[in-house]
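Trainee: A structural model of the following input is requested.
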Amino acid sequence: MFTAEAMELITIAVLKEREEGVVSLLLRSGVFHPVDIRGIEKGMEDISQFQIEKEHSLYESLQSRLRDIAKKTGMALLPKKEFRNLSYEEADKNLGKAEEAIKPLIAEKEDLVSRLNTKEAMLSRLEEYVPFSIGRPSSSYSFLKVEVGSLEEKNLPLLNRSLKDIPHIVYPFKKEGSRSALLFIGLRRDRELLDKVLRDLGWIKLDQEQEPQDLSREVVKKIKDEIDVCKKDIEAVAVNLRKLKDELLEGLSDIETYVTVKKSLLEAKKYSCITEKTALISGWVPGSEKEKIIDEVKRFDPSSCIEERMAEDLNIPKDEIPVKLRNTRIFRPFELLIDAYGIPRYGTIDPTIFVAISFLIMFGAMFGDLGHGLVLSAVSLFLWKSKKENVKQAGTLIFYCGISSELFGILYGSFFGYEFPSLWIKPMHSIIEIFKISILFGIVMITGGIFLNVVNAFKDRDYIKAFFDKSGLIAGVIYWTGIALVSKMLVSRTAFQPVYVIIFLACAGLLFLKPLVELIVKKKREPVFTAFMESTIDILEIVMGYLANTVSFIRIAAFALAHTGLFLSIFELSRIMKGVGGTAASLIIIVFGNILIILLEGLVVSIQSLRLNYYEFFSKFFMSGKRFYKPLKM
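Mentor: Coordinates of the predicted model:
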């Protein structure tokens, strides 16, 4: 719980023809984190790496085509647990057949939707000019081309065929011998093509000086009828598409599963090294899973050769070892806060539990109100409904913050700013006390940071760091001596106590021995003056840095008072508004004032709680790793 799970590196040597089967088995186990062994073992740099680029591009192309089909048809393609084994050629052939079957229906649907959109746009524009009449000049329409003319009746079918793909309306309203008088409506953007077609078919433009004839009702009805026909045709195509989708779903899901599996295998195989006849597969597994993996591989391929080594026995930097945190479900949401800062290096203390406790205490102390806590808890319920794991974890984090705020609200005696008997103190009535508590909490946090740094140093067997680091034992004694000296002066109001001064100076003097110790232990030689100046600067940094770190925790008290102060401001503004706008105005101020406090101060308090953890606590001990443990899965 306090450290990451122990990792072991396993390297499997198998014949080339057995490689894919072994990799598949490792992926199904869900605990194998592949790694390129050439970056770990010396002398293996010349071994070839498995090349996946060409094969990967083939499967990427298949997946892209599958996504295109899914997007156009609304088909949900999900990998299946069990699937029919395919070859690439079979998957490509079946996918091609599916594309050919879907293509005409998609094209027909897109054409119908385009026509529908155009006709609806024309209808919308026409309705702007109601009542619509023959006598209205064409130039008065900015979007439409409107003309009245006559055409040989035998040419009407030819006109419609010629303009099949061009949006237009033809409305015959009078017959004169073999010719029909027509109202023609098209889009102005197509006017050149429309003029050419009409001219070729013998279009004669009619004089429009006669009394305007209202055609609004007839033309609008004609367009609405065509829109209804389009919608029916689209629905008919959609029905056929749904039937086809149901027929193809099983086969396309098989292809999706096949492509997903193959890409996962390639992702794992890209870390493999190959010789003429064999393949080397290397990766990290948790120590608790090692025996299970070895047994499964041996059952699959008894001829395989497996080497296992603990991470601590490898001659590689510890920050290269993947980290698997092993927190319980209660503390797992706080890993989000750790991840935002960095990955704790393998072999060091996992600070998740400490952050969980300190973050919630600081948040609650600065945002203590029973009502506001209940609001945060309620908000978390909505986040829990999300399908994304990170959002759910964030919801749990907000729920914990709500609980902390509720508890401190009870301790402070505050419910949406309204006071009730407190179980502890009221910040505004105990200003000095709450400042003292904030400083004391800061001392505990900084002391905890020093302790964790010393533990990490001993775990790394870096004893020089354990004693002489800026967050080492000697620096800790200097810090605690300074605290004792100041506390003694404040409590008894006496002069400097010699014993504390002696301890302080002795510890400071010990830091000057650091260059000598490094010379003896690490054979690290530095000029005397340089070593003296470095030690002097270290002492100044320790004194000034720890003072600044400790004082920084005053912000806990400051924001606790600010929280109460904002309530006082809102209630005063509410009292003023009550005299102006009555009780309703007063309630609105109180409600919106509380919303503002929850949103604004809730955000600020969260940031401050993180800041105190990151800069005052983590800075004492945290060592960053490079990667989390992320096993590949089938």
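
Trainee: low-confidence ranges in the chain?
Mentor: The model of the chain has pLDDT under 70 over residues 1, 45-46, 80-84, 122-142, 173, 207-219, 492-497, 519, 522-526, 528-529.

Trainee: just the element for Arg555, please.
Mentor: Using DSSP states H and E, Arg555 sits within helix 554-596.

Trainee: right, and the helix or strand after that helix?
Mentor: For helix 554-596, the following helix or strand on the C-terminal side (DSSP H and E) is helix 602-611.

Trainee: what's that next one in contact with?
Mentor: Identification of contacts with helix 602-611 by C-beta atoms under 8 Å, 6 or more residues apart in numbering yields 337, 340, 358-359, 362-363, 366-367, 372, 376, 401, 555-556, 559, 563. No exception for glycine: its C-beta is placed from N, CA and C like everyone else's.

Trainee: take those and keep only those in strands.
Mentor: Per DSSP state E, strands hold no members of the contacts of helix 602-611.

Trainee: by contact count, what packs against the helix holding Arg555?
Mentor: Contact partners of helix 554-596 among helices and strands, from 3 or more C-beta pairs under 8 Å, 6 or more residues apart in numbering; DSSP states H and E: helix 352-366, helix 431-459, helix 602-611.

Trainee: of those, which is nearest Asp225?
Mentor: With C-beta to C-beta, the closest approach to Asp225 among those belongs to helix 602-611: 57.0 Å.

Trainee: just the buried residues of the next helix or strand after the closest one, please?
Mentor: Beyond helix 602-611 on the C-terminal side, the first helix or strand identified by DSSP H and E is helix 619-621. Across helix 619-621, burial judged by 16 or more other C-beta atoms under 10 Å covers 619-621.

Trainee: one more: stretch 68-88?
Mentor: Across stretch 68-88, burial judged by 16+ other C-beta under 10 Å covers 69, 72-73, 75, 77, 86.

Trainee: list the contacts for Tyr341?
Mentor: Neighbouring residues of Tyr341 by C-beta under 8 Å, 6+ apart: 614, 618, 622.

Trainee: what distance do you get for the last one to Leu513?
Mentor: Noted for Phe622: a distance of 27 Å to Leu513, by C-beta to C-beta, to the nearest Å.

Trainee: give me the more crowded residue out of the two.
Mentor: Between Phe622 and Leu513, Phe622 has the larger neighbour count (other C-beta atoms under 10 Å), namely 22 against 13.

Trainee: hmm, the more buried one is touching Ile338, no?
Mentor: No. Checked against C-beta atoms under 8 Å, the pair Phe622 and Ile338 is beyond contact range at 9.1 Å.

Trainee: overlap in contacts of these two?
Mentor: Common contact partners of Phe622 and Ile338 (C-beta under 8 Å, 6+ apart): 344, 351.

Trainee: rewinding a little: nearest to Ala585 among the contacts of helix 602-611?
Mentor: Checking the contacts of helix 602-611 one by one against Ala585 (C-beta to C-beta), the nearest turns out to be His372, at 22.6 Å.

Trainee: what number of residues lie near the closest one?
Mentor: Residues near His372, counting by other C-beta under 10 Å, number 25.

Trainee: am I right that it is in contact with Ile597?
Mentor: Yes. Using C-beta under 8 Å, His372 is in contact with Ile597, at 7.1 Å.

Trainee: what segments of this protein are strands?
Mentor: Counting by DSSP E, residue ranges of the strands within the chain are 7-15, 33-34, 48-49, 144-152, 168-176, 179-187, 204-205, 273-274, 278-286, 305-310, 414-415, 418-419.

Trainee: need those strands in TSV with distance to Asp538 and mean neighbour count, can you?
Mentor: Shown next, in TSV, are these (distance: least, C-beta to C-beta, whole Å; neighbours: other C-beta atoms under 10 Å):
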stretch	distance to Asp538	mean neighbour count
strand 7-15	35	20
strand 33-34	39	22
strand 48-49	46	12
strand 144-152	83	19
strand 168-176	86	15
strand 179-187	80	20
strand 204-205	97	12
strand 273-274	46	18
strand 278-286	37	22
strand 305-310	36	13
strand 414-415	45	21
strand 418-419	49	14
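
Trainee: for the chain, longest helix please?
Mentor: For the chain, the helix with the greatest residue count under DSSP state H is helix 216-269.

Trainee: what values do phi and psi take at Gly43?
Mentor: Main-chain dihedrals, Gly43, degrees, to the nearest 10: phi 90, psi 0.

Trainee: closest one to Leu201 out of the buried residues of helix 619-621, please.
Mentor: Nearest to Leu201 among these, with distances taken as C-beta to C-beta, is Ser619, at 84.7 Å.

Trainee: could you find the closest non-adjacent residue to that closest one?
Mentor: Spatially, and ignoring its direct neighbours in sequence, Ser619 is nearest to Gly449 (7.4 Å; C-beta to C-beta, 6 or more residues apart in numbering).

Trainee: Ser471 is in contact with the one you found, correct?
Mentor: Yes. Taking contacts as C-beta under 8 Å, Gly449 lies within contact range of Ser471: 6.4 Å.

Trainee: overlap in contacts, these two.
Mentor: With contacts taken as C-beta under 8 Å, 6+ apart, Gly449 and Ser471 have 620-621 as neighbours in common.

Trainee: touching, Gly149 and Gly202? I think so.
Mentor: No. Contact between Gly149 and Gly202 fails when scored by C-beta under 8 Å: they sit 9.8 Å apart.

Trainee: how close does the nearest residue to Arg326 once chain neighbours are set aside sit to Leu485?
Mentor: Closest residue in space to Arg326, ignoring its immediate chain neighbours: Glu5 at 4.8 Å, by C-beta to C-beta, 6+ apart. Going from Glu5 to Leu485 by C-beta to C-beta gives 43 Å.

Trainee: what of Leu513?
Mentor: Plainly put, Leu513 is 23 Å away from Leu485 if you go by C-beta to C-beta.

Trainee: tell me the contacts of the residue nearest the centre of the chain?
Mentor: For the chain, Asn390 is the residue whose C-alpha lies nearest the centre (C-alpha atoms, centre = their mean; 7.3 Å). Residues near Asn390 by C-beta under 8 Å, 6+ apart: Leu336.

Trainee: can you pull the contacts of the residue nearest to Arg326?
Mentor: Glu5 is in contact with 286-288, 324-326, 629, counting by C-beta under 8 Å, 6+ apart.

Trainee: how about Ser282?
Mentor: Going by C-beta under 8 Å, 6+ apart, Ser282 touches 9-12, 34-37, 40, 271-273.

Trainee: same check, this time on Gly74
Mentor: The contact partners of Gly74, by C-beta under 8 Å, 6+ apart, come to Lys245.

Trainee: what of Phe334?
Mentor: With C-beta under 8 Å, 6+ apart, Phe334 has these contacts: 327, 352-353, 355-356, 359, 397.

Trainee: do you know how far the closest residue to it other than its chain neighbours is from Ala4?
Mentor: What sits nearest to Phe334 in space, not counting adjacent residues and going by C-beta to C-beta, 6+ apart, is Ala356, at 4.3 Å. As judged by C-beta to C-beta, Ala356 and Ala4 stand 16 Å apart.

Trainee: which of these two has more neighbours?
Mentor: With neighbours defined as other C-beta under 10 Å, Ala356 and Ala4 compare such that Ala4 has more, 25 against 21.

Trainee: give the contact list for the closest residue to Gly30 other than its chain neighbours.
Mentor: In space, and not counting its chain neighbours, Gly30 is closest to Lys633: 4.7 Å by C-beta to C-beta, 6+ apart. By C-beta under 8 Å, 6+ apart, the residues touching Lys633 are 27-28, 30, 264.

Trainee: how about stretch 621-634: buried residues?
Mentor: Residues of stretch 621-634 classed as buried: 621-623, 625, 629, 631-632, 634 (neighbour count, 16+ other C-beta under 10 Å).

Trainee: cool, thanks, talk later.
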